[in-house]
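In: Sequence plus predicted model, see below.
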Amino acid sequence: MLVASGTFGFGEEYAELVDISRLGGICTKAVTLAPRAGNPQPRIWETPAGMLNAIGWQNPGLEVFLEEKLPTLRQYEVPIIVNVAGETRAEYVELAARLDNVAAISALELNISCPNVEHGGLQFGVAPDLTEDLVGAVRQVTDHVLITKLSPNVTDVSAIAQAAVAGGSDALSLINTLVGMAIDVEGRRPALANITGGLSGPAIRPVAVRMTWQVAEAVDVPIIGMGGITTAEDALQFIMAGASAVAVGTANFVEPTAALSVIDGLIEYCRHHNVARITDLTGAAHSGRQ
Amino acid sequence: MLVASGTFGFGEEYAELVDISRLGGICTKAVTLAPRAGNPQPRIWETPAGMLNAIGWQNPGLEVFLEEKLPTLRQYEVPIIVNVAGETRAEYVELAARLDNVAAISALELNISCPNVEHGGLQFGVAPDLTEDLVGAVRQVTDHVLITKLSPNVTDVSAIAQAAVAGGSDALSLINTLVGMAIDVEGRRPALANITGGLSGPAIRPVAVRMTWQVAEAVDVPIIGMGGITTAEDALQFIMAGASAVAVGTANFVEPTAALSVIDGLIEYCRHHNVARITDLTGAAHSGRQ
Amino acid sequence: MLTTQAELTRREQVAPEHYLLTFVCPPIAEQAQPGQFVHLRVTKGLEPLLRRPFSVMNVNLSQGSFQLLIQAVGQGTQILAQAQAGAVFDLLGPVGQPFPLPDGAEQVLLVAGGVGVAPLIFVAERLKEQPAPCYVQGLFGAQTEDYLCCWLEFSTRCDEFATATEDGSAGEKGLVTDLLDKQLDRGGVDRVYACGPVAMLAEVARQCQEQQVPCWVSVEQRMACGVGACLGCVIPTRCEGSQHYQRVCREGPVFAAAQIDWEAMSPELDRC
Amino acid sequence: MLTTQAELTRREQVAPEHYLLTFVCPPIAEQAQPGQFVHLRVTKGLEPLLRRPFSVMNVNLSQGSFQLLIQAVGQGTQILAQAQAGAVFDLLGPVGQPFPLPDGAEQVLLVAGGVGVAPLIFVAERLKEQPAPCYVQGLFGAQTEDYLCCWLEFSTRCDEFATATEDGSAGEKGLVTDLLDKQLDRGGVDRVYACGPVAMLAEVARQCQEQQVPCWVSVEQRMACGVGACLGCVIPTRCEGSQHYQRVCREGPVFAAAQIDWEAMSPELDRC
Ligand SMILES: Cc1cc2nc3c(=O)[nH]c(=O)nc-3n(C[C@H](O)[C@H](O)[C@H](O)COP(=O)(O)OP(=O)(O)OC[C@H]3O[C@@H](n4cnc5c(N)ncnc54)[C@H](O)[C@@H]3O)c2cc1C
Ligand SMILES: Cc1cc2nc3c(=O)[nH]c(=O)nc-3n(C[C@H](O)[C@H](O)[C@H](O)COP(=O)(O)OP(=O)(O)OC[C@H]3O[C@@H](n4cnc5c(N)ncnc54)[C@H](O)[C@@H]3O)c2cc1C
Ligand SMILES: Cc1cc2nc3c(=O)[nH]c(=O)nc-3n(C[C@H](O)[C@H](O)[C@H](O)COP(=O)(O)O)c2cc1C
Ligand SMILES: Cc1cc2nc3c(=O)[nH]c(=O)nc-3n(C[C@H](O)[C@H](O)[C@H](O)COP(=O)(O)O)c2cc1C
Ligand code: FES
Ligand code: FES
């Protein structure tokens, strides 16, 4: 049970409210080489059972991350997955290289799927060849567990998943946000300053479950499922669709203890249904198919 | 103001409840050459602010459509847009050819975007070259206004839109449903017999508005916007994003008079804001951009 | 069928998770026939998005009211279970084909499983009100005594009445279909009407087929529109040998049991 | 900051679309400082999904209660406007940086626009309770007399008090910033605290800058998490010449007016 990138800051924001040590891990907000100011406001907009965001990789940059954020994160004694993002292939490689000998982190999550920055990000995540090349390049420079985070804004997510695995990805996480937008009809203009934003929350769950299902049929690496998880039942949908782990994103905003409640609910489900370990249910809905 | 294909049957189902003559038009349920039984049940599943459906083109086929459904539809004295669907290029062409001299209909809507049938449908709608070829072939055999209905399950909707226009499409309608799925966690299997289904309703509106915006920037033909419209404000989002007309889909199920309420709301908005015709607002949010 | 509003005037818990709701809405009370349902919007908002179908349990023409028996199983029914008197709901109705009542005085057997008792209470009432009243036998099955909801309303409208519970806490220990078996063996039954879980209905259909007693069942299916437009609520039926899908909201919810393709209903059977 | 629950004990309409809500929640009442807000979940469901931020208007330590002044503008606030006493809400709080109260007895000017009066009522109270009470001047602007919500609560906590309405139905005809202009001209003001629409705040900031009076404003921004994690609620600020974004929920909602990049706030200014 993880908390999804960008929805739990660098941990410290929630430390007062949540027993972080019970989490299976924290995916950090995207870290870039240089500090980034992010997009102008308004950056968020609410939609039916979901929200749009266009934060734009606001983060203090790698150096401050290593010097200030990481030491704090380590105190919570949970696995740390660093979400890394760049505008160019070289930036990703440099980020990965510089994080390679940082023992405190458990894995890298390659964010090749963020829809809210003009360059980089999304363009890698929508083309299989670019994905394979990028993952391969990063693989060369890191011994960390390598997770690739997939974009849902593609015609064929399985192809991208296969490319990431071919490039050497140890695991996949999906989905990032769907590109969406809203119009402020009184102002007669886009609601977000960035025009488009990433749609997250329960609204996108059916798309996320479907992609988890498809990718589970296409590749053999572990999948971290996410997209609209708010309850244990939601998490079970992802697990039965083929996820080995799940992450809570937007629901953290709604209820800071959402991830802990999901854990409690999963334990309860396992007890009630005599399931030894939750991962015994991974892909359960596939075998149940007639 | 239209009602979207598959959400208003062939009109007769709602005739008792709705003053159909106030609508701007009816898009019929998909019509295929031969009758089709459709998918096994369960066919629908509710999701947060949306629903999944996997109806599978159940329809009585072209002949029964022409002999039984069309005469009934004509009684309502509204423009009839026939949503046509096939498994092969030849089927689309034959359908269009046989509907060409049917004067009672106002337009054909090429459904190249339905996610719920095994062959045909989606495969055309996700590749620009196939789209252009198919639309071009249909264009050859019909003088009807030709509308192409786009799938949102693509990496680059603008490219498909441009292909449809290059093929001779007079207008575009978007979006069809997003491919989604749900798992019945008690049964440990997909909730729908068809495994995946099409996600519709308010949940997908941000994606639909974004695609309307993008397509409006890419092509010059009129756009019929749809996807989660339930109120006049929702409809205005599509219009300001670039739609010349809008269609109400899933909301018909929630409230049979939904489309009429949207019309009333739009009239009210125009009166209140001194807008002469609602189409004066088409694309208004684009020009408002800084 | 019309779209209208109904005011909830009374809400009463009749068993664990089971509620009897009384609504005032004269046109529905007047037009509803036994077996028909109302398609009710439980909220003005989007959560849940779709309407919910419920069989009319009975009507009171002088008060212009009707009743629903609701089992709280999920989000929508829980909202209804907590609704306050005075709340007003949008509804569509009456929807669907009613039970085809006999013209003359027949011996009619009603088989109810759990909350499926609702439409059969309405049936029993109308059968007794006919110019030539029928002889009505009621069979009612539930898990335990507690879940024999509204059994008094049911039994008082029947000439004969028997119950079965899975734990034996009331009536026979076992399934209501065991009672049916004996009753059909005894003979004299002209027709059977049933409503309950799909596994029960399948067994009722099988027995009636075997004994060649005409049988009608009221079935459930997930619904969106409730008016026949979306084709979401179909069940597999057989017509002259070929299988095709029929809409529960339009051609149903009451079907001749012989018409249903019980084998192809298996996904639902599994779920029970 | 903590996540807790609060019971709504009283709801009172104080103006068209404006409601005064009293909640019992001792830890919030104890910890809240003027300018801080609570981040409140208006429903257990998903509609609306996100929490809503509201400034604490005042606290009653002996009853362990606090009050919110709510303007019903959309879905979330409408739910609150219709909530019944006894309803229990999840909330997070107290959140954010409070107004930095002076140590000694200063002459403090409070400028409130509309519902922005809420945190300033709390400020006024604390300024008067200080060991060395301040001299508090209150300026309150609204569209019409009706919208001068809770003006009595405000004025009784001020040593001087004046109002402005756009239609002249109470006090001066015009904007509250016209009153401010005169007041600053008169001199003697040590600091200004303001809360209201962003256009008003920008003008307050401009005047204070011109007159070199230190000024703090409480600003609004759409929020998701309310705890600093999502980076959704930022406003543009200036720090040593360079622009960067700061979070309203963490570094705010109270900012030194001079710190805000008012030009880059233009999207919000347009909206007014
Ligand atoms: C013709 C008909 C008559 C019915 N009469 C009654 C009645 O008299 N009393 C009663 O308690 N129930 C009745 N039901 C079942 C009732 O409609 C469902 O229990 C109810 O819709 C569940 O909604 P929910 O939000 O509580 O459950 P959820 O599980 O949260 O619902 C999720 C979705 O599944 C659908 N759904 C879930 N269970 C069923 C079901 N068994 N049948 C159809 N759709 C379902 C819901 O409508 C909704 O779309 C009837 C169903 C039909 C089709
Ligand atoms: C620090 C702070 C203190 C506030 N104090 C008060 C107060 O004391 N009294 C009061 O009436 N209002 C206050 N507001 C504004 C209040 O939060 C919004 O009016 C409210 O969130 C609107 O919700 P809605 O669902 O009714 O509106 P909708 O328009 O339906 O909301 C849609 C979305 O926009 C957001 N939103 C809309 N307007 C605003 C706004 N002005 N500021 C921030 N987010 C907004 C909502 O939170 C929601 O995410 C405060 C806002 C902030 C940031
Ligand atoms: C405000 C916000 C910020 C996000 N930032 C990032 C990010 O920096 N990197 C990333 O890979 N994903 C980011 N995401 C995507 C989430 O990690 C997650 O993939 C997505 O929101 C779907 O999950 P959810 O529906 O549970 O939120 C962000 C999401 C939100 C809502
Ligand atoms: C039950 C159902 C059946 C549909 N059938 C069709 C169809 O036959 N042909 C088609 O082009 N679109 C079909 N659609 C898609 C709708 O026309 C529409 O594009 C989509 O639902 C998005 O709009 P909405 O969110 O307002 O429903 C169907 C949608 C639903 C919900
Ligand atoms: S519910 Fe739509 S056809 Fe029956
Ligand atoms: S609301 Fe999330 S950072 Fe402020």
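Out: Ah, there it is. Numbers count the residues shown, from 1 in each chain, chains lettered A, B, ... in the order given. Ligands and ions are numbered 1, 2, ... in the order given.
In: And the residue of the stretch 151-290 of chain A that's closest to ligand 4?
Out: A:A203 (11.6 Å; C-beta to the nearest ligand atom). C-beta coordinates here come from the backbone N, C-alpha and C atoms, glycine included.
In: and if you look at the stretch 151-272 of chain C?
Out: C:C230 (4.2 Å).
In: which SS class is that residue?
Out: coil (DSSP: H, G, I helix; E, B strand; the rest coil).
In: Residue in chain A with the shortest distance to ligand 1?
Out: Proximity of chain A to ligand 1 (C-beta to the nearest ligand atom) peaks at A:E233, 10.8 Å away.
In: where's that residue relative to B:T155, distance?
Out: 31 Å (C-beta to C-beta, to the nearest Å).
In: repeat for A:A137
Out: Distance of A:A137 to B:T155, given as C-beta to C-beta: 22 Å.
In: same deal with C:C239?
Out: As judged by C-beta to C-beta, C:C239 and B:T155 stand 44 Å apart.
In: And C:W262, by the same measure?
Out: Distance, C:W262 to B:T155, using C-beta to C-beta: 45 Å.
In: Show me the beta-bridge partners of the residue in the stretch 51-200 of chain A that ligand 3 sits nearest to.
Out: Nearest to ligand 3 in the stretch 51-200 of chain A, going by C-beta to the nearest ligand atom, is A:S200, at a distance of 3.3 Å. Counting by DSSP bridges, A:S200 is bridged to A:M51.
In: thought it was touching A:T250?
Out: Yes - judged on C-beta atoms under 8 Å, A:S200 makes contact with A:T250 at a distance of 4.6 Å.
In: anything in contact with each of those two?
Out: Common neighbours of A:S200 and A:T250, counting by C-beta atoms under 8 Å, 6 or more residues apart in numbering or on different chains, are A:50-51, A:228.
In: Need these in JSON lines (columns: pLDDT).
Out: Below are the shared contacts of A:S200 and A:T250 laid out as JSON lines (pLDDT from 0 to 100):
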{"residue": "A:G50", "pLDDT": "98"}
{"residue": "A:M51", "pLDDT": "98"}
{"residue": "A:G228", "pLDDT": "98"}
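In: the more surrounded of C:C239 and B:T155?
Out: A side-by-side neighbour count of C:C239 and B:T155, using other C-beta atoms under 10 Å in any protein chain shown, places B:T155 first with 17 against 10.
In: Three-state assignment for that one, please.
Out: Here B:T155 is coil, with the state taken from three-state DSSP.
In: and it, how far is that from ligand 5?
Out: Distance, B:T155 to ligand 5, using C-beta to the nearest ligand atom, to the nearest Å: 33 Å.
In: surely C:P48 meets C:L40?
Out: No - with contacts counted by C-beta under 8 Å, C:P48 stays clear of C:L40, the gap being 11.3 Å.
In: Identify the nearest residue to residue 227 in space, disregarding sequence-adjacent positions?
Out: Since no chain was named, I'll use chain A. Closest residue in space to A:G227, ignoring its immediate chain neighbours: A:A208 at 2.6 Å, by C-beta to C-beta, 6 or more residues apart in numbering or on different chains.
In: looking at chain C here, not the other one
Out: B:E13 (4.8 Å).
In: got the contact list for the residue of the stretch 1-150 of chain A found nearest chain C?
Out: Nearest to chain C, among the residues of the stretch 1-150 of chain A, is A:P48, at 5.6 Å (C-beta to the nearest C-beta). Going by C-beta under 8 Å, 6+ apart, A:P48 touches A:203, B:48-50, B:201-203, B:205, B:228, C:46, D:47.
In: Make a PyMOL selection of the buried ones in the residues you listed.
Out: The PyMOL selection below is limited to those of the contacts of A:P48 classed as buried (16 or more other C-beta atoms under 10 Å in any protein chain shown):
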select buried, (chain A and resi 203) or (chain B and resi 48+49+50+201+202+203+205+228) or (chain C and resi 46) or (chain D and resi 47)
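In: Flag every residue of the stretch 101-250 of chain C that's near chain B.
Out: Residues of the stretch 101-250 of chain C lying close to chain B (C-beta under 8 Å from any C-beta of the partner chain) are C:221-236, C:243-245, C:250.
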